[in-house]
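**Q** Let me see the structure of the following:
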Amino acid sequence: MENTLFIIFDVFNFGLLVFLWGFTIKQYKTLPQTIPVHFDFDGKADGFGSKKYSFLMPVFATAFYVLFAFVVREPESANYPVKITAENKEAQFLIMEIFIRWLYILIVMIFLNSLDYMFRYAFDENVKPRVPLAMAILSVIGSLIVTFIFTGIFK
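**A** Have a look, this model is predicted:
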């Protein structure tokens, strides 16, 4: 069961990465030469750059994918909030492996949302992000809290 869940996570995460690259490549052709690359807290663009910057998020997502793949393959390399003992090792490694895979989904979804907003904003300054950045950040923080609770329960 555990391996099946991890395979589903891994296939889904790789699919998200491929989708992010495909989305970027497809939209790249239609982008103007200058696009917004940074936004203030109100969602207004305050930094602009070449449309080549649109590949920055897929590159970061790929780097995270490689890093997270290493961490889940080598669970001893991760930093844990509790001391790892022979009794809690399996539970802590399982929690970490699930959390890392879930965190990657959240990160790529944030990247996709930001990229979509950046592309739409390049053509219309009045658009809004599909998911507010505050909601995305809260989802990461909420996931951390849940992970710490489970880590504490199984320490």
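**Q** Nearest residue to the middle of this structure?
**A** When the chain is reduced to its mean C-alpha position, the nearest residue by Cα atoms, centre = their mean turns out to be Ile107, at 1.1 Å.
**Q** Not counting its own residues, what contacts the helix or strand bottoming out on mean pLDDT in the chain?
**A** Least confident helix or strand, the chain: helix 133-153 with a mean of 90, by mean pLDDT, DSSP states H and E. Contact with helix 133-153 is made by 43, 80-82, 92, 95, 99, 102-103, 106-107, 109-110, 113-114, as judged by Cβ atoms under 8 Å, 6 or more residues apart in numbering. For every residue, glycine as well, the C-beta is placed using N, CA and C.
**Q** so which of the residues you listed comes closest to Asp10?
**A** Nearest to Asp10 among those is Trp102, at 12.1 Å by Cβ to Cβ.
**Q** Could you give the number of residues near the closest residue to the closest one other than its chain neighbours?
**A** Nearest residue to Trp102 in three dimensions, chain neighbours excluded: Ser143, at 6.1 Å (Cβ to Cβ, 6 or more residues apart in numbering). Residues lying near Ser143 (other Cβ atoms under 10 Å) number 15.
**Q** ok, now Ile84?
**A** Look at Ile84: counted by other Cβ under 10 Å, it has 16 neighbours.
**Q** got the contact list for it?
**A** Applying Cβ under 8 Å, 6+ apart to Ile84 gives the contacts Gln92.
**Q** Against Ile95, how distant is it?
**A** Spatial separation of Ile84 from Ile95 under the definition Cβ to Cβ, to the nearest Å is 11 Å.
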